[in-house]
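> okay, sequence plus prediction incoming.
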Amino acid sequence: MDGFEILAIVTGLFLGYWLVSYFLSRPQSEPSKASYQEAGNNTFEDSETNKSKSWYEILEVSPSATFDEVSNAYKRKISKYHPDKVSSLGDEFRELAENRAKEINAAYNEAKRSFSGHSAS
């Protein structure tokens, strides 16, 4: 092995050790009850930014979206943030995905209520 290969191995080991140490030394937060709280009138509180969001902001649709557009956005978002999809990445990612999925489900339920004349799928 030449000097460059040894330097690359040592650098990789150092970075790997540092990353593992960093993530293991971070304080573990208590699991939150949910990442949202109904704040009234179609809004939810985002636990990361403490800002209220409406269901259409969470589902990333326009306020005038049709029920089919809302349903499609829900299916797309929930499949992206389903906890089983990230279970191999560790408990922290699974918890984040669970909280996000709860927020998405709550937003979709609120949207269904606002479209009360439509059947839920």
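Received, thanks.

> in its sheet, what does the helix or strand in which residue 53 is found sit against?
Secondary structure assignment for residue 53, by DSSP states H and E: strand 52-54. Next to strand 52-54 in the sheet, as set by DSSP bridges, lie strand 43-45 (antiparallel).

> poorly predicted segments of the protein, please.
22-51, 117-121 (pLDDT under 70).

> excluding its backbone neighbours, what's nearest the spatially most central residue of it?
Note on the chain: the residue nearest the mean C-alpha position is residue 100, at 3.6 Å, using CA atoms, centre = their mean. Excluding its sequence neighbours, the residue lying closest to residue 100 (CB to CB, 6 or more residues apart in numbering) is residue 81, at 4.3 Å. In this view, the C-beta of every residue, glycine as well, is placed from N, C-alpha and C.

> against residue 95, how distant is that neighbour?
12 Å (CB to CB, to the nearest Å).

> same question, residue 12
The spacing between residue 12 and residue 95, counted by CB to CB, is 29 Å.
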